[in-house]
Structures are given as structure tokens and as C-alpha cells.
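Asks: coords please:
(one chain, ligands or ions: 1)
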Amino acid sequence: MFNLVLFGPPGSGKGTQSINITQSYGLQHISTGDLLRSEVSGQTPLGIEAKKYMDQGLLVPDEVVIGMISSLIDQHPDARGFNFDGFPRTRAQAEALDALLQFKQTQIHLVLSLEVPQEELTRRMLGRAATSGRSDDNAEVIARRIVEYKEKTFPVAQYYDEQGKLAVIKGDLSIDDTFHALSKEIDRHLLPVS
Ligand code: B4P
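Replies: So this is what the prediction gives:
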């Protein structure tokens, strides 16, 4: 099994790159952002609760997200591995993920952190806002998301760095060049575990 976390600030391209990574490496894609948006559009109780946070550019509470991930991992007992996209976003989520994977006698093997300058993040998210129908469609919410990232999510990189699992990748290249850089790093790590 090979378990990968795609990490980075909002708008860094985690969802974009996950499409290629998931196809190329046969991993099961788990995007908490996609899951939450689907709960919101289905107007489920979880979605109604999550929307209050997402509309403000805030992270959804840990217990909500961890519960979702736990049941999704259980739904894919035969997966070759998981590509976690946008999760974990807090240290509590990272610790919960480690515990869930340990229970299944596996672990996170690699964390790829996409590094993109803040002006480029804002430019991309404002660009996406025009067509996405997402709640992060204005400068105020986008700025709030970046603050939330710096305060709560960025420390998760250190958590994985201390475990020797973190690789930082330049995310402001073209989509193809970024994928090439990510693949090189994945290939380097896949060989020893396959
Ligand atoms: P997410 O859905 O995870 O989305 P994201 O961080 O905004 O974007 P991503 O990095 O995937 O960027 P994308 O590929 O779209 O989160 C949404 C919300 O859900 C959060 O605010 C939070 O409220 C909630 N949430 C999710 N997970 C949570 C968790 N674990 N805990 C708590 N709350 C959680 O790319 C952005 C744009 O850039 C696109 O338009 C794309 O086309 C463009 N782009 C991508 N790569 C490019 C490149 N190389 N060059 C030029 N443009 C590029």
C-alpha cells in the first residue's frame, strides 16, 4: 500500500494535481473539499453545518472531517493506497489519520507540499471563482482562508517533516511541469515500498 498526502495552501493546485496522480498511480482519491461540497449541495445535516464554516473561509471542525475520512477509508478495503487531498489540515486531523492508518497496519508514506506565492494563490482563486459556484469567490473569504491556512494548517508540514516524510515542490509552474515534479518524487518513494 502507498499512502500520499497532497498538502498546500488554498488554491495551490491540490485538486488539479490529484486528478493526474490518482490516474497514474491507481490510488484512491479522497478530497475532503469535494466531500464537503457534495454534502452541502445535498443539504444533508453535515452539509448544512459545514456550509456555515466554508462560507466564511474557515476550516470545518475536526470531528466532522475525521468522521468522514474514517468511513471513507472503510469503504475501500481493497485500495492500493490513498491520495489524501486537502486532508489533514490541522495537527489533530494528522494525528487522527495516523491512528486510523495504524489500525489498518499501514501509514502515510509521503507528503508532497505545493509551494505557491500568495499573490498567485489569490489570482488563481479569483479566477476559479468566476466559474466554480464555490463560496470562496471573493477577496475577503479568500484572504480569510489564507490566514486560516497559516495559523492552523501550515504547522502540519512540520509534523510530517519531523517524521522525515515531507517533500516541498514548486507549485507555480505549469500544470504539466508541476505534475512532472510531483511524479519524480513519488517514483523515488514508490520503488522501495513496491
Ligand atoms: P478544497 O476543496 O480542499 O480546495 P482548495 O484548497 O481551495 O484548492 P486546491 O488546492 O485543491 O486548488 P485547485 O486545484 O482547485 O477546500 C475547500 C474548503 O473545504 C476549505 O476552505 C474548508 O472550509 C473545507 N475543508 C476541506 N478540507 C478540510 C479539512 N480537512 N478540514 C477542515 N475543512 C476542510 O486549484 C485552484 C485554481 O488554480 C483552479 O482554478 C486551477 O485551475 C488553477 N490552477 C491549479 N494549478 C495551476 C497551475 N499550475 N497554473 C495555473 N493555474 C493553476
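Asks: Number of residues surrounding the closest residue to the ligand within the chain?
Replies: The nearest approach of the chain to the ligand comes at G33, 1.8 Å away (C-beta to the nearest ligand atom). Just so you know, the C-beta spots here come from the backbone N, C-alpha and C atoms, and that holds for glycine as well. Counted with other C-beta atoms under 10 Å, the neighbours of G33 add up to 18.
Asks: Could you give me the buried positions within the helix or strand hosting A92?
Replies: Taking DSSP states H and E as the definition, A92 sits inside helix 91-103. Across helix 91-103, burial judged by 16 or more other C-beta atoms under 10 Å covers 92-94, 96-98, 101.
Asks: from the residues you listed, which is closest to H109?
Replies: Using C-beta to C-beta, L101 is the member of those that lies nearest H109, at 9.9 Å.
Asks: can you pull the contacts of that closest one?
Replies: 3, 73, 107-108 (C-beta atoms under 8 Å, 6 or more residues apart in numbering).
Asks: now the helices: where do they sit in the protein?
Replies: Assigned by DSSP state H, the helices in the chain fall at 14-25, 32-41, 45-54, 62-74, 91-103, 118-132, 139-148, 154-162, 175-193.
Asks: so what pLDDT did L190 get?
Replies: Reading off the confidence values, L190 has pLDDT 82.
Asks: count of neighbours near the closest residue in space to L35 that isn't next to it in sequence?
Replies: Counting by C-beta to C-beta, 6 or more residues apart in numbering, L35 lies nearest to M68, which is 5.6 Å off, once chain neighbours are set aside. M68 has 19 neighbours, counted by other C-beta under 10 Å.
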